[in-house]
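**Student:** coordinates only, sequence not included:
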C-alpha cells in the first residue's frame, strides 16, 4: 500500500522549512487525502456552527493549527469523499466530538469512546486495521467513554515528551498515554460500513526493534464528521513551527565546532520465513536478488569530542544512482528507531518495498560486468541543532536473479564517516546552546577532493539517465578463482525434531542387530544424515563399526615406512586448505591426514597413494578419529570398489566415463550434442567426480550429503549426482563455448551449491534421477563389446606394437619388482640369520630347562608313590581302629543300659523304704505323744529332748542291729554304683569323640582321587563278578 505522503512530494517533506514530520518511526501514515480532510473540516465547521460548544469553537480560529491548511501533506490516494452523509443533530445526550484547544497545547475531543486494542503484526496494513476495527466495534459492550487530547504541533511535544492522552471525563484523570513519535498509522472506518464513525491508530511499544510490539487502538465518535477532524489533528500535530519562532535576530560569535558521526549501512532481504537475512557484500558491493522485499538498517554512532544527542529520525530515503538531488530521493517506510541499550548507537530501520516503480532499476538483474549505484540518506533531528542533518551514503550493488544462491563473503555493514561543521547561534534563553549547520561532508568526499576526483569535476563524464548502471572495474564478485576444497560451514543444529527422533529409533534398533540394516535408513539418508550423527552412521553403513582388526592394523601400519611419504607430504597442504582443521601446516589435521594416507599406501600396495583418496580421508577425519576413519576408507576402497578406478590403465574409470556419456545421451540429449559439437569429452570434467567422490571442489555440505547416499546406496550414486549437476546447469552450459564450459565446471558450478538450499535441491534431483543398475549393466556390456570390436578391427602391427609396448612396460615393472624383491630377500636372509642365532640360543636354554624339569618330575613321581603307600597304611590302621572302637562302643552301650536299669530299681526300692520309714516314724511319734510320760521327752518342735541314752549292747535287739548293718551296706553299694556310673559316662564321652575324629579322617581319606580310583576298580570288579555268577 502506498504511503499517505506521495512519492512526488518527498522533496518538500524532507526539505521544506515550514514543517517537519514528527514521528520516531519516522512518519505518520494516514489513509485518505488530507486535503479532503481539510475540506470536510471546513464544511463541517460551517454546517455545525450552531452546535459547537464554546470550547470547540476555538477550532475555527484562523490562527489555530486546524485552520491552517497551507502546509498539509498532499496525498497520492484518497478513500473518497469524507463525511458525505448529512450530520444528524442528535448528540445522544453528550457533547459533540468537535475540537477545542486547551492551555496545555492540546486539541480536545469530547464524545469519543475507546473500544479497545489488539496486537498486530503489520502496523501499516489497512486490511489488518479494518479487521480489528470491525471486530472491536462489534464487541463494544465494555467500551469506555473518554476525552481525546491530541497535541497541536510538534513544538513542545517531543522535547517535552508530549503524548496523546485518553482522559476520563468524570474524574479528569489520564486513562492512557501514547508518545506521539511512536504512533505509526492512522485510519478511519470506510464510509459505507458500520465502522464509518470509527477511527484507529497503531502504536509501537518497546525499547528496541527486537523487542518492539505493535498495538492497534480503536475509537468511535458520536459524530461522523468528528472522525475527519481527529485525523486532521493527528496530521497537523506532525508539523513544525516556522524557524523564525524562538530565533533571535541578534548575532553571536562565529565560533564553529565539528561533530563526527560514524554511520553503518546494511541491507536485509526477506528470506520467505517471516524474517530477514543480511545481504552479502563483496568489496563494498552489495549483492541483491530480484523480487525480494528488503529492509534498510542504519546505525549512527558519534565518535567526536562534541557530544550531541539524536532526538529522532526525520526521514529515511533511498534512490537509485549517485550524486542524487534531494528532490529525487524517495521516502522509505520505517519500522523502528531509537538508541541501543548502551545509549551510544542510534539505530533506524525501514522497509523497502521493491515493487514500487521508482525502485525498478534496483530490482532488475544487472549484466555481468556492471553495477548499479544507489544512495541512502537519513535525516536526523539532533538536540541543539536547528535544522535536520542529512547523512547521504553512496554505495554500489549487483542484482542477481530471484533464485540465485550466494556464498556469503562478508556480512559486515558498509561504513561511512561524516563530519558536521556547526556554528553557534544566539537564542532568547541564555542557558540554551543552539547550533546551525554550516557543512556536512563524508570521508569519501574528502578523499575525492584530496585526489582531485570530485564528482562535480567529473560530472561531464557521467552519462546516466534512467539506466543508472555504470561499468565496474572490479572483478566479478565470485571471481574466476575456483572454490577451495573444504569450503563451507556445516551446522550441527537440526530444526526438525521428528528427524532426530526417527534417527534415534533407527540407531537403537540397528545397534541391537548390526548385521541387518533397518529399512528406514535408506529413506532417511536421502534427506541427509544429521551432522552430529554422521560419524556413527557412516561406520554402520560401511560395516566397520568397532572393527578392532582394522584399527589394530592401522596402529601397526603407521609405524612402517612408505615409499610415497614425500609425495604424501607434498599433497597434504593442498587438501582442504579452506578448512581450519587442515589449514595449519604441521597442525593436528594435517598430521592425522598424513598418517592415514601413509597407512593406506602401506596397506594397499597395489594402489599405494593417490591424491584423490586424501580428500576422502579428510572428509572422514572431520567426523571420526583416525583409526575409525582409516577403517571406513578401507571399506570404501575395497567393498565399494573405489580402488578399482585407480588400477593399471584406468580401465574401470574409462568404463564409468562411457556409462556417463550414454546416460547423458539418453537423459540430456541436447547437452550431449552440444558437448560433441564443442569437442568436449567426459573425462575432461568428470574424472575428478569419480576419483574423489566430489570431495575436491564442492562445498562441504554437499560433499557430506553425497557421501551419505554413497555409503547407503553404493557406487552408482555417483551417476545420479553427475546427471543432476548436468541437468541443473544445462542452460548455462548450452550457452558456453569449449573454454567457457571447462571454466564453468572448474569455477562456477561448485560455487552454485554453497548454500544448503541449493545443495538440498541438487540432492533431491539426484535422488529422482532415472539411473538404474539395469541400464548401467547394459552400458557396460556395450562398452565391453565395443572394446572387443576395436581390438578385432585394429591393425595387427599396431596391436602388436601396443602389446609389445605394454609388455616392455610390464617387463620394466617386473624387473623393478624383481630388484625390490632381491633387496628384500637379502634383507630377509640377514634378518633370518640373526633370528636363527637367537632361536638356537633359546633352544639350548630350553633343553637345560627340560632336563631339570624331567629330574624334578621323576622325584615328584617317587614322592607321590611313597605317599600313596603311606596313605594306604594309614587307611588300614584307621579301619582296624575304627572296628575296635565300634566293638568297644557297643559293649559300653550294653553296660550303660544295664547300669541304668539297676540304678532305676535301686532308686525305686530306696524310695519305698524311705516312705515306709516315714510312716513308721509318724506312727511312733503319735504313740509317744499319746503317752503322758513319753510326751515329755519331746519339745514343742517335735525334737527329742533327752540325754543321749546309754545303750547296752546286750539289751539291744539283734534284728535292729542287723537291719542297721544292711542299711549301711546298701548305702555303700549305692555310692559305689554312682561312682562307676560317672566313670562310665566319662569314658563313653571320650570314646564318642575318638569315634567322630576317626570317622572324619576316614571320610576325608575316602574323598582322595586314589580312594575314588580304588572304589571305581572295586565296583567294576564286583560288576564283573556279578555277571559271571549267573553263568556259573
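**Tutor:** Yep, that arrived. This one's a predicted model, so the numbers in the text were calculated from it and none came from an experiment.
**Student:** residue ranges of the helices in the stretch 601-750 of the chain, please?
**Tutor:** With helices called from DSSP state H, counting those that start in this stretch, the stretch 601-750 of the chain shows them at 611-621, 626-638, 651-667, 669-678, 683-692, 700-713, 717-728, 730-734, 738-743, 749-751.
**Student:** Please apply the same query to the stretch 751-900 of the chain.
**Tutor:** Applying DSSP H, counting those that start in this stretch to the stretch 751-900 of the chain gives helices spanning 756-768, 773-793, 796-930.
**Student:** quick check: angle from the last one to helix 773-793?
**Tutor:** Following axes from the mean of the first three to the mean of the last three CA atoms, to 10 degrees, one obtains 140 degrees for the angle between helix 796-930 and helix 773-793.
**Student:** mind listing what residue 194 touches?
**Tutor:** Applying CB atoms under 8 Å, 6 or more residues apart in numbering to residue 194 gives the contacts 134, 137, 138. Backbone N, C-alpha and C define where each C-beta goes, glycine included.
**Student:** can you put those in TSV and add distance to residue 606?
**Tutor:** Formatted as TSV, those follow (distance: CB to CB, whole Å):
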residue	distance to residue 606
134	81
137	85
138	84
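**Student:** how far is stretch 854-862 from where the chain is centred?
**Tutor:** 73 Å (CA atoms, centre = their mean, to the nearest Å).
**Student:** Stretch 617-625 now?
**Tutor:** The chain centre lies 20 Å from the centre of stretch 617-625; the measure is CA atoms, centre = their mean.
**Student:** Go through that stretch and flag the buried ones.
**Tutor:** The neighbour-count check on stretch 617-625 (16 or more other CB atoms under 10 Å) flags 617, 618, 619, 620, 621, 622, 623, 624 as buried.
**Student:** what does stretch 631-648 give?
**Tutor:** Across stretch 631-648, burial judged by 16+ other CB under 10 Å covers 631-637, 640, 642-646.
**Student:** ditto for stretch 551-558
**Tutor:** Within stretch 551-558, the residues that count as buried by 16+ other CB under 10 Å are 551, 553, 554, 557, 558.
**Student:** Next: stretch 751-761.
**Tutor:** Of the residues in stretch 751-761, 751, 752, 753, 754, 755, 756, 758, 759, 760, 761 count as buried by neighbour count, 16+ other CB under 10 Å.
**Student:** farthest-separated two in those?
**Tutor:** Maximum pairwise distance among those (CB to CB): 16.4 Å, between 751 and 760.
**Student:** sorry, back to before: for the helices of the stretch 751-900 of the chain, which one ends up most surrounded?
**Tutor:** Of these, the one with the most neighbours on average (mean count of other CB atoms under 10 Å) is helix 756-768, at a mean of 18.
**Student:** Please work out the average pLDDT along that helix.
**Tutor:** Averaged across helix 756-768, pLDDT comes to 91.
**Student:** ok, and what's touching that helix?
**Tutor:** Outside helix 756-768, the residues that touch it by CB under 8 Å, 6+ apart are 405, 526, 528, 699, 701-702, 705-706, 709, 717, 720-721, 723-725, 727-728, 752-753.
**Student:** about what we covered before: from the buried residues of stretch 617-625, which is closest to residue 262?
**Tutor:** Checking those against residue 262 by CB to CB gives residue 622 as the nearest, at 40.0 Å.
**Student:** quick one: the residue lying closest to the closest one once chain neighbours are set aside from residue 796, how far?
**Tutor:** Excluding the flanking residues, the one nearest residue 622 by CB to CB, 6 or more residues apart in numbering is residue 581, at 6.6 Å. To residue 796, residue 581 is 56 Å away according to CB to CB, to the nearest Å.
**Student:** residues contacting residue 362?
**Tutor:** 288, 320, 354, 372, 374, 397, 399.
**Student:** hmm, try it at 7 Å
**Tutor:** 320, 354, 372, 374, 399 (CB atoms under 7 Å, 6 or more residues apart in numbering).
**Student:** Which members of these define the maximum pairwise distance?
**Tutor:** Across the contacts of residue 362 (CB to CB), the longest gap, 12.9 Å, separates 354 and 372.
**Student:** Phi and psi next, for residue 439.
**Tutor:** phi -160, psi 140 (degrees, to the nearest 10).
**Student:** Quick one: the helices in the stretch 151-300 of the chain, in order.
**Tutor:** All helices of the stretch 151-300 of the chain, identified by DSSP H, counting those that start in this stretch, fall at 224-236.
**Student:** For the closest residue to residue 776 other than its chain neighbours, give me its contacts.
**Tutor:** Nearest residue to residue 776, sequence neighbours excluded (CB to CB, 6+ apart): residue 659, at 5.5 Å. With contact set as CB under 7 Å, 6+ apart, residue 659 has these partners: 719, 776, 779, 780.
**Student:** same for whichever strand or helix holds residue 540, what does it pack against?
**Tutor:** Here residue 540 is covered by helix 534-542, with elements defined by DSSP states H and E. For helix 534-542, the packing partners by 3 or more CB pairs under 7 Å, 6 or more residues apart in numbering; DSSP states H and E come out as helix 626-638, helix 700-713.
**Student:** Test my guess that residue 312 contacts residue 181.
**Tutor:** Yes. In terms of CB atoms under 7 Å, residue 312 counts as a neighbour of residue 181; the distance is 5.7 Å.
**Student:** more crowded one of those two?
**Tutor:** When residue 312 and residue 181 are compared on other CB atoms under 10 Å, the one with more neighbours turns out to be residue 181, at 27 against 24.
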